[in-house]
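Novice: the following block contains a protein sequence and its predicted model.
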Amino acid sequence: MKILALGGCGDMGRVAVREIIGNPTVSEVVIADIDGSKATRFADSLGSKARAMEVDVRSDQSLASALQACDIVVSTVGPYYLFGPRVLSAAINAGVHYIDICDDPEPTLDTLALDDRARAAGITAIIGAGASPGTSNLLAAKAMKLLPKATEIYTFWGTGGPLGDDEGAELGTSAAGPAAATLHWAQQISGRVKVYRNGDVCEIEPLQAIKLEFPGRAADRCHILGHPEPITLPRTYPDIKQSYNLMNMPGYVVYALKKAAAMVVKGDQKSIYDASVELTRMLSDNGQGLWDIAQYLAHGAKDTIRSFLPSLGAVARGAGRYGKASLVGVHLRGRHRVDDMAHATCIPTAIILGMMLGGKIQRRGVMAPEACVDPDDFFLRLAEHMHIEKGFDKSNYVECVLRHTRQTYRPL
């Protein structure tokens, strides 16, 4: 099988490529990038199964030519609102299977709209196959197995505890300016964002606070932002009436996000960039003003008495017997061996691609991971890349906690 890795020499793409190239069913990986020399240097470091190709995804001809010689395209080229539907449409035209790490709700809807075309062409297109979305969706799938009549599903991510001495800088900095993740953050915490509420996709103001209980822990304050999980999960689980993606972050980070969000002017990309610069400054150890430092200390003191949620997980809620509330929480008892955003995102991409190559995914059309990936198989494969906590192993490190309460069920 020949794999085209669009953006394969970028920070995200190279993690996926290094994992994919070791798959014995892969005969060749084409490292495709607009910077041909950069692609060549990376391909040369990988051995005989890799070669480079200069590809400009803005050019129909360049993109179509690259797709002709492959069986599956892995796209880590962003921003996805520009390139997601474009690349997928070209892949369908070329008869090439597709996988990406799209984490924006708008292009998620646009790519899902290509489902009929993909099914007619016999194409499998898996979107949002990263960490969040991706791993988070499959944690939600585990939760729904335990509580199949749930009417609410929430995915969440965060620091898992108070802000460490160096975590703020890691969240915000980039040598060349704001990191891509910071730009994405600024976009999804400003204006209005898409969520699933009252049985339909709707738009609300982001950063609204919501208290979410994880079974066995106290409830903690989270904040809503725009993300694909609430868009895709109700398609697989039609009983769901409400779904949000939530941040469970230290207080100072939320303060910084709100300050940055206030700078964004709807439709103005420069204001998003400027907000990202400000967010980077505020989260950098050497970029805080006196007022920011005061806020950092005040929020830090409050965070020491909070009950943070796990760093990545899902909670399903619904009515159990006699109308009482039932809930289930799912999270990982471990962390990635290489604990950074690129590995957390693109190791799942490579695993899901490996499942495609091994014939474990047969469904055709455009879909998110929960619609086609066996979560138990996925997490068993992911275990090989995890430092699992003492007392757990690859058979039980995905902890699922079910709780039936005596409280009358009410949606959050």
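Specialist: Nice, I can see it.
Novice: and residue 46, that one's in a helix?
Specialist: No - counting by DSSP: H, G, I helix; E, B strand; the rest coil, residue 46 is not found in a helix; it is coil.
Novice: what sits up against stretch 183-197?
Specialist: Applying Cβ atoms under 8 Å, 6 or more residues apart in numbering, the external contacts of stretch 183-197 come out as 79, 103-106, 109, 178, 201-207, 224-227, 230-231, 233-234, 240-245, 257-258, 260-261, 264, 266, 272-273, 275-276, 279. Quick note: C-beta positions are derived from backbone N, CA and C, even for glycine.
Novice: could you pick out the buried ones from those?
Specialist: For these, a burial check counting by 16 or more other Cβ atoms under 10 Å picks out 79, 103-106, 178, 206-207, 224-227, 230-231, 233-234, 240-245, 257, 260-261, 264, 272-273, 275-276, 279.
Novice: about what we covered before: which of the contacts of stretch 183-197 fall in helices?
Specialist: 105-106, 109, 230-231, 233-234, 257-258, 260-261, 272-273, 275-276, 279 (DSSP state H).
Novice: now, the most widely separated pair of those residues?
Specialist: Farthest apart among those by Cβ to Cβ are 234 and 273. That separation is 32.7 Å.
Novice: which strand of the protein spans the most residues?
Specialist: strand 398-408 (DSSP state E).
Novice: packing partners for that strand?
Specialist: Secondary-structure packing of strand 398-408 (3 or more Cβ pairs under 8 Å, 6 or more residues apart in numbering; DSSP states H and E): helix 135-146, strand 324-332.
Novice: so in that sheet, which strands flank it, and in what orientation?
Specialist: Sheet pairing for strand 398-408, assigned by DSSP bridges, gives strand 324-332 (antiparallel).
Novice: now the angle between helix 135-146 and the partner strand, please.
Specialist: Strand 324-332 runs at 140 degrees relative to helix 135-146, counting by axes from the mean of the first three to the mean of the last three Cα atoms, to 10 degrees.
Novice: what's strand 324-332 in contact with?
Specialist: Outside of strand 324-332, the residues within contact range by Cβ under 8 Å, 6+ apart are 135, 139-140, 142-143, 146-147, 150, 213-217, 309-320, 386, 397-410.
Novice: recalculate using a threshold of 6 Å.
Specialist: 139, 142-143, 146-147, 214-215, 310, 313-318, 320, 399-405, 407, 409 (Cβ atoms under 6 Å, 6 or more residues apart in numbering).
Novice: repeat for stretch 143-163
Specialist: For stretch 143-163, the surrounding residues in contact (Cβ under 6 Å, 6+ apart) are 132, 136, 140, 212, 222, 229, 233, 237, 239-250, 303, 308-318, 328, 330, 400, 402, 411.
Novice: quick one: buried ones out of these?
Specialist: 132, 136, 140, 212, 222, 229, 233, 237, 240-250, 303, 308-318, 328, 330, 400.
Novice: and for the nearest residue to residue 104 once chain neighbours are set aside, the neighbour number?
Specialist: Leaving aside its sequence neighbours, residue 104 sits nearest to residue 80 (Cβ to Cβ, 6 or more residues apart in numbering; 5.0 Å). Residues lying near residue 80 (other Cβ atoms under 10 Å) number 27.
Novice: show me where the stretch 251-400 of the chain has strands.
Specialist: Using DSSP state E, counting those that start in this stretch, the strands assigned to the stretch 251-400 of the chain run over residues 312-319, 324-332, 334-336, 365-367, 386-388, 398-408.
Novice: so for the third one, what's the average pLDDT?
Specialist: This predicted structure assigns strand 334-336 an average pLDDT of 94.
Novice: direction included, what does it pair against?
Specialist: strand 386-388 (antiparallel).
Novice: and the partner strand, what's buried?
Specialist: Within strand 386-388, the residues scored as buried using 16+ other Cβ under 10 Å are residue 386.
Novice: residues contacting residue 291?
Specialist: With Cβ under 6 Å, 6+ apart, residue 291 has no contacts at all.
Novice: now the residue lying farthest from the centre of the chain: how far from residue 328?
Specialist: Largest separation from the mean C-alpha position in the chain: residue 322, at 36.2 Å (Cα atoms, centre = their mean). For residue 322, the distance to residue 328 equals 18 Å [Cβ to Cβ, to the nearest Å].
Novice: again, but for residue 266
Specialist: 38 Å.
Novice: does the residue nearest to residue 104 touch residue 109 like I think?
Specialist: No - contact criterion Cβ atoms under 6 Å: residue 80 and residue 109 do not qualify, at 11.3 Å.
Novice: could you pull up phi and psi at the nearest residue to residue 47 once chain neighbours are set aside?
Specialist: Of all residues not flanking residue 47 in the chain, residue 21 sits nearest, at 7.7 Å (Cβ to Cβ, 6+ apart). When read as degrees, to the nearest 10, the backbone of residue 21 gives phi -70, psi -20.
Novice: I'd guessed residue 21 sits against residue 29; true?
Specialist: Yes - if you go by Cβ under 6 Å, residue 21 and residue 29 touch, sitting 5.1 Å apart.
Novice: the more surrounded of these two?
Specialist: Taking other Cβ under 10 Å, residue 21 and residue 29 do not tie; residue 29 has more neighbours (26 against 20).
Novice: so that one, which of the three states?
Specialist: Secondary structure assignment for residue 29 (three-state DSSP): strand.
Novice: contacts only, for it.
Specialist: Shown in contact with residue 29 (Cβ under 6 Å, 6+ apart): 3, 5, 17, 21, 50.
Novice: make it 10 Å
Specialist: Contacts for residue 29 (Cβ atoms under 10 Å, 6 or more residues apart in numbering) come out as 1-5, 8, 16-18, 20-21, 23, 43, 46-47, 49-51, 70, 74.
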